[in-house]
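**Q** using only what follows, build the 3D model:
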Amino acid sequence: MKLIKPKFWDKKNLGFFSLTLLPFSFVYIVIANIYKFFQKEKKYSVPIICVGNIYIGGTGKTPICIKLKNLLDEKRVPIIIKKEYKNQKDEIELLKKYSKLLVCEKRAKGIETAIKKKFDTIILDDGFQDKSIKKDLNILCFNNNQQIGNGQVLPAGPLRETLSALKTANIIMVNGEKNIEFELKLKKYNNELKFFYFNYNLKKFEEFKNRKLIAFAGIGNSINFFNTLKNNRLNVIKEITFPDHYDYSDNDLENLLKTESQNKAKLITTEKDFLRMNPLKRRRFGFVPINVNIINENNLMAEVNKIFK
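**A** Predicted coordinates for the structure are as follows:
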């Protein structure tokens, strides 16, 4: 599914469209709760860390999974497990490139396979809403710009479930600057939540310096990518947004190249977008990889390491 996020999802006040869709959100919540009620939670023999979200798309789950796995490598033998979705091959390729990954149709089967292969720590990329698995640590990712949007559940808003689900979370990772107001808002549902903040640093972007750039992206939160480029003082003259997990056609790529030529600029995109392109066409496009920088990283790892004691 290609997610085209409606603008009214991120408005603080409920507008006409949100109010019209509220009955459908209620039905969604009821069905989801019934499904969860019949799920039987299973405890596994190794620690399981889930990196999930409530706000749908663009919260940084995958980069945080990679960062966490790398931080755990020194003392543990971790592996990332991701449920297979046909529209998320870009994320799978990215995870394979930077970490050890197990892709599976069912997370439970993936966990059992990982245990047989002697991995001693499981990191779930997504799966907070999967109540069939007992997690030792639940990490939820948010973006400081969108936060919880209008606070409503799909389809009236961008939330995958109600904020009452925060009571089973342990750590909140926020992409952006420290925000006490947002922390207090979430702590109404769980006063024990620990908050940490992170941002993105660009790697290997020298070829893009001192050039006019046309930035394009089809990810959950394209604005964050564009802002990261600007924060690194890159000269972005045009921004083009596609739906999340967008599957670029050859025609799309040709149109982008025409735009590049007309503006006498260079195209730049994310590594995830680059991986979704036709391999025969992608060599004409530039991408910039990112590093995740976690503020108070040592304090975060102190919280994570508690589950191993």
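
**Q** can I get the longest strand along the chain as CSV, trimmed to CA atoms?
**A** Scanning the chain for the longest strand, with DSSP state E as the assignment, gives strand 194-202. Output in CSV follows, covering the C-alpha atoms of strand 194-202 (Å, rounded to 0.1, in the frame of the first residue of the first chain):
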residue,chain,number,x,y,z
LYS,A,194,11.8,7.5,29.5
PHE,A,195,12.4,10.1,26.7
PHE,A,196,15.4,10.2,24.4
TYR,A,197,16.1,12.4,21.3
PHE,A,198,17.9,11.8,18.1
ASN,A,199,18.7,13.5,14.8
TYR,A,200,20.2,12.6,11.5
ASN,A,201,23.7,13.5,10.2
LEU,A,202,24.6,13.2,6.5
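
**Q** from residue 167, how far out is the residue in the chain sticking out farthest from the centre?
**A** For the chain, the C-alpha farthest from the mean C-alpha position belongs to residue 262; by Cα atoms, centre = their mean, that distance is 33.5 Å. Distance of residue 262 to residue 167, computed by Cβ to Cβ, to the nearest Å: 53 Å. Every residue, glycine included, has its C-beta placed from N, CA and C.

**Q** ok, back up a step: mind listing residues that contact the longest strand of the chain?
**A** Strand 194-202 has contacts (Cβ atoms under 8 Å, 6 or more residues apart in numbering) with 60, 63-64, 67, 144, 170-178, 183, 224, 228-229, 232, 288-296, 299-300, 303.

**Q** for stretch 8-18, same thing?
**A** 6, 22, 146, 149-150, 152, 156-158.

**Q** buried residues in the longest strand of the chain?
**A** Neighbour-count burial for strand 194-202, counted by 16 or more other Cβ atoms under 10 Å, picks out 195-200, 202.

**Q** please render these as a markdown table that adds pLDDT and distance to residue 74 to the earlier fields.
**A** A markdown table is the format used below for the buried residues of strand 194-202 (pLDDT from 0 to 100; distance: Cβ to Cβ, whole Å):
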| residue | pLDDT | distance to residue 74 |
| --- | --- | --- |
| 195 | 98 | 24 |
| 196 | 98 | 19 |
| 197 | 98 | 23 |
| 198 | 97 | 19 |
| 199 | 94 | 23 |
| 200 | 92 | 23 |
| 202 | 92 | 25 |
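
**Q** which of these sits closest to residue 242?
**A** Proximity of these to residue 242 was ranked by Cβ to Cβ; the top entry is residue 200 with 19.4 Å.

**Q** any idea how far that closest one is from residue 293?
**A** In terms of Cβ to Cβ, residue 200 sits 7 Å off from residue 293.

**Q** residue 14 too?
**A** The spacing between residue 14 and residue 293, counted by Cβ to Cβ, is 35 Å.

**Q** more neighbours: which of those two?
**A** residue 14 (16 against 12; other Cβ atoms under 10 Å).

**Q** read off the pLDDT value for the more buried one.
**A** pLDDT recorded at residue 14 is 91.

**Q** checking it next. Helix, strand or coil?
**A** coil (DSSP: H, G, I helix; E, B strand; the rest coil).

**Q** residue ranges with poor pLDDT in the chain?
**A** By pLDDT under 70, the low-scoring segments of the chain are 1-3.
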